[in-house]
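Novice: Could you look at this predicted model? Sequence included:
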Amino acid sequence: IRKLDARSTERVIRGLNEVTEMHAPVSETLLLPLTNSRNRDVRAAARRAYIKLSSNEPFKGFDIATEHLLVWDQVELFSVISTTRGLAIPNFARWITYSPNKGVVSFCLKLIVHFNQVAAVQSVINLLATKDHELRSEAINALGKLRVEEVEGRLISIYESQPRACQIEILKAIGRIASGRHLDFLKQEFLHSTSFDIRKHAAKSLINNSEKADAMVEELMGTVNDESRLILRHCMNPLIKL
């Protein structure tokens, strides 16, 4: 515990790793400030320690996070959260709604999907109105993975006004939800878009609609040009993930 207050960064990290492995009781007032350390390695070790050792609010670090959660930070935290036994999992909609930290919101979207938090769906839907197109894209991705069927119509209604990354996520979401109600939309994007990526994902989502789209796919195979037929055949391969 004395190491946590050391001047040496290496000594602080060593202390954090030791108390975490020993499950030693440590004052949260000592640990919490370290989760916002200027040093990335100290922050990461402190976040791991806080989630594992906090007896009251293991996710309180999300409330005070000022530093952006980098992708590698998210990977490490995900490993801790998903493997810690007895960890009380909160409704991550709380941070989707109120956190000013983009990295925390992004990470919570992934956790909502992993823990299949249906109660958080409305908060994710509300995120479709964000001005940040990267977070909007991640929200669309989450809605698709959660298979929120009632959001399909809204996604299609905003499709034309979205940047390319969001359009691709909308196409993927319709393929994952696979209600079969929007096959004509997918067909039009496949046939008429000038973007190869859009056509590819439209084709994949058509095929993901399974039996509901079989007749349409068969018709397309007999009428489209060679390039389009090749895209369809490529997307039919179950080993290829788009």
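Specialist: Okay, I see it. Residues are numbered from 1 along each chain as shown.
Novice: ok, residues contacting stretch 175-192?
Specialist: For stretch 175-192, the surrounding residues in contact (CB atoms under 8 Å, 6 or more residues apart in numbering) are 144-145, 147-149, 152, 156, 159, 171, 174, 198-199, 201-210, 212-213, 216, 220, 224, 228, 231. Glycine gets a C-beta too; all of them are placed from N, C-alpha and C.
Novice: switch to 6 Å and redo it
Specialist: 144, 147, 149, 152, 156, 174, 198-199, 202-206, 208-209, 212-213, 216 (CB atoms under 6 Å, 6 or more residues apart in numbering).
Novice: next one: stretch 153-172
Specialist: By CB under 6 Å, 6+ apart, stretch 153-172 touches H133, R136, S137, I140, N141, G144, F185, H201, A202, S205.
Novice: Check stretch 4-21 too.
Specialist: So stretch 4-21 is contacted by K3, V26, L30, N39, D41, V42, A45, A46, R48, A49, K52 (CB under 6 Å, 6+ apart).
Novice: Let me see the mean pLDDT of it.
Specialist: Stretch 4-21 shows a mean pLDDT of 92.
Novice: For that stretch, list every residue counted as buried.
Specialist: Residues of stretch 4-21 classed as buried: L4, V12, I13, G15, L16, V19, T20 (neighbour count, 16 or more other CB atoms under 10 Å).
Novice: State the pair within those that is farthest apart.
Specialist: Spanning the widest gap among the buried residues of stretch 4-21 are V12 and T20, at 12.6 Å by CB to CB.
Novice: and the next element down the chain from the helix or strand of the chain with the lowest mean pLDDT?
Specialist: Least confident helix or strand, the chain: helix 28-31 with a mean of 86, by mean pLDDT, DSSP states H and E. Sequence order places helix 40-53 as the next helix or strand after helix 28-31, per DSSP states H and E.
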